[in-house]
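Colleague: Requesting a structural model of the entry that follows:
(2 chains)
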Amino acid sequence: MRTRGAMLLANVITGLTLGYTVSNIGFGDYTELNRMFTFQDLRMLLSFAGAVVIIVCAFALLRVRRTPGRIHAGVIPGAVLFGTGWAISGGCPAIPIVQVASGYLPALVTIVGVIVGIRLCRWANARYFHLDRGSCGL
Amino acid sequence: MSGYWPWWAGAAGLALITINYALTTDRSFGVSSAWDRVLHWRRERRLERMDEEFTDERALADALAAATAEHFASSPAAPTAPAAPQGMSQRLETDAEPTASENLSVTSPRPAPLVTQAALLVSIFFGGLIAAVTSGRFDLRFDMGPGFQDVVTANPTIMTVLLFVGGVLVGFGTRLAGGCSSGHGLNGCGRLRPVSLVATAVFFGTAVAVSFLLWKVI
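Modeller: The predicted structure follows:
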């Protein structure tokens, strides 16, 4: 599947199913998220970890192509900032969208914050860090 | 009673989405990189146009190379292995199927078109909306729910400030680390990429530490 139309269809299907699944798992619910991070309820943690295990097995069996990626200087500081922000706001970049779709209007503020953060990072990287950060998504 | 899916259904759902995307597009998806590209759409469009021009030139070079090879092959005096014009020889020599190790190499396809990344973000919204409405969880509200009020704050002003700051940290952090929970967590860890394993361990560990601080200390 390589044409623009086919890629568009694949992304629409992925977006719809991702939003549907993430919402039904409960990632958009701050109570559930905090209970996962504090190990009061392992349901969502097992969902995530179980998905990773299935994907590892499937990719190995299907010999799915690897993508490049190296551990650069921004990985650990970036992950620390992301983890902190996720625990405070309850949103990784997809979750605030699902929260707004579920009726949590203040999550619009989180989305504005995400937009500011992403633009700030690109500006700061060009001006100060000069890191080849790569990208996990293509 | 939360009404949410059991863990195995969630695991199967997330895995199916990731595997399906990888198989149908030969790419991985990342929500933070989709955000990044959509937010910098002018620059991305410029890059896409340059990439399209490059592809056209390469297609032209391929056609010229094929015509040259055909001409010399049909000529009685043709050399058995005509010299390809400079820059085309590599294409002529690599018609063979890639080996298994080459299939697992670290080469990258072209990035997904910008419009598909925008569609991904919009579709997430509609997927979430369908889930919320069909499950009966849709509830228009001006707070982040009882969990946020109990663990973080019930003050609307502080809530707004914290959501904004949290969002900035998420946006800045995911782009600095090169990915988020979907890109690094699902796609990267699924491919056992060292950078994704490290990033996921660190962002998950940090989120656990901060959540305990919010829950027990603050």
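
Colleague: going forward, measure contacts between C-alpha atoms and count neighbours the same way
Modeller: Will do.

Colleague: Look up the pLDDT of the closest residue to B:V133 other than its chain neighbours for me, please.
Modeller: Leaving aside its chain neighbours, B:V133 sits nearest to A:S102 (7.8 Å; criterion: C-alpha to C-alpha, 6 or more residues apart in numbering or on different chains). Reading off the confidence values, A:S102 has pLDDT 96.

Colleague: ok, A:S102 - contacts?
Modeller: Going by C-alpha atoms under 8 Å, 6 or more residues apart in numbering or on different chains, A:S102 touches A:G28, B:G128, B:L129, B:A132, B:V133, B:R137, B:F138, B:D139, B:L140.

Colleague: Likewise for B:V165?
Modeller: Contacts of B:V165 by C-alpha under 8 Å, 6+ apart are A:G85, A:T110, A:G113.

Colleague: Redo those as a markdown table? Include pLDDT.
Modeller: Putting these into a markdown table (pLDDT from 0 to 100) gives the following:
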| residue | pLDDT |
| --- | --- |
| A:G85 | 97 |
| A:T110 | 97 |
| A:G113 | 97 |
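
Colleague: Mind checking which of those residues land in helices?
Modeller: Those of the contacts of B:V165 mapping onto helices are A:G85, A:T110, A:G113, per DSSP state H.

Colleague: mind listing the strands for chain B?
Modeller: With DSSP state E as the criterion, chain B has no strands.

Colleague: neighbours around A:A73, how many?
Modeller: A:A73: 14 surrounding residues under other C-alpha atoms under 10 Å in any protein chain shown.

Colleague: Do I have it right that A:G83 meets B:T200?
Modeller: No: applying C-alpha atoms under 8 Å, one finds A:G83 not in contact with B:T200, separated by 9.1 Å.

Colleague: out of these two, which sits in the busier spot?
Modeller: The neighbour comparison of A:G83 against B:T200 (other C-alpha under 10 Å) goes to A:G83, with 34 against 28.

Colleague: Which pLDDT value goes with the residue lying closest to B:R193 once chain neighbours are set aside?
Modeller: Nearest residue to B:R193 in three dimensions, chain neighbours excluded: A:G69, at 6.8 Å (C-alpha to C-alpha, 6+ apart). Predicted confidence (pLDDT) for A:G69: 73.

Colleague: Just to be sure, A:G69 is in a helix?
Modeller: No: using DSSP: H, G, I helix; E, B strand; the rest coil, the secondary structure at A:G69 is coil, not a helix.

Colleague: Tell me the spacing between it and A:I54.
Modeller: Taking C-alpha to C-alpha, to the nearest Å as the measure, A:G69 falls 21 Å from A:I54.

Colleague: Ok, A:R122 next?
Modeller: A:R122 is 34 Å from A:I54, by C-alpha to C-alpha.

Colleague: in chain A, which ranges drop under the pLDDT threshold?
Modeller: Along chain A, the parts satisfying pLDDT under 70 run over A:1-2, A:133-138.

Colleague: quick one: buried residues of the biggest helix by length in chain A?
Modeller: The helix that spans the most residues within chain A, counting by DSSP H, is helix A:4-25. Using 16 or more other C-alpha atoms under 10 Å in any protein chain shown as the test for burial, helix A:4-25 gives A:7-25.

Colleague: next one: stretch B:134-148
Modeller: Residues B:R137, B:F138, B:D143, B:M144, B:G147, B:F148 are the ones in stretch B:134-148 that count as buried (16+ other C-alpha under 10 Å).

Colleague: ok, and what's touching that stretch?
Modeller: Stretch B:134-148 has contacts (C-alpha under 8 Å, 6+ apart) with A:29-32, A:34, A:101-107, B:129, B:132, B:154, B:156.

Colleague: can you give me the end-to-end distance of it?
Modeller: This stretch, stretch B:134-148, spans 24 Å end to end (C-alpha to C-alpha).

Colleague: pLDDT on that stretch, on average?
Modeller: On average, stretch B:134-148 scores 94.

Colleague: Tell me how far that stretch lies from the chain's centre.
Modeller: Between the centre of stretch B:134-148 and the centre of its chain there are 28 Å (C-alpha atoms, centre = their mean, to the nearest Å).

Colleague: Please apply the same query to stretch B:131-147.
Modeller: Its chain's C-alpha centre lies 28 Å from the corresponding centre of stretch B:131-147 when counted by C-alpha atoms, centre = their mean.
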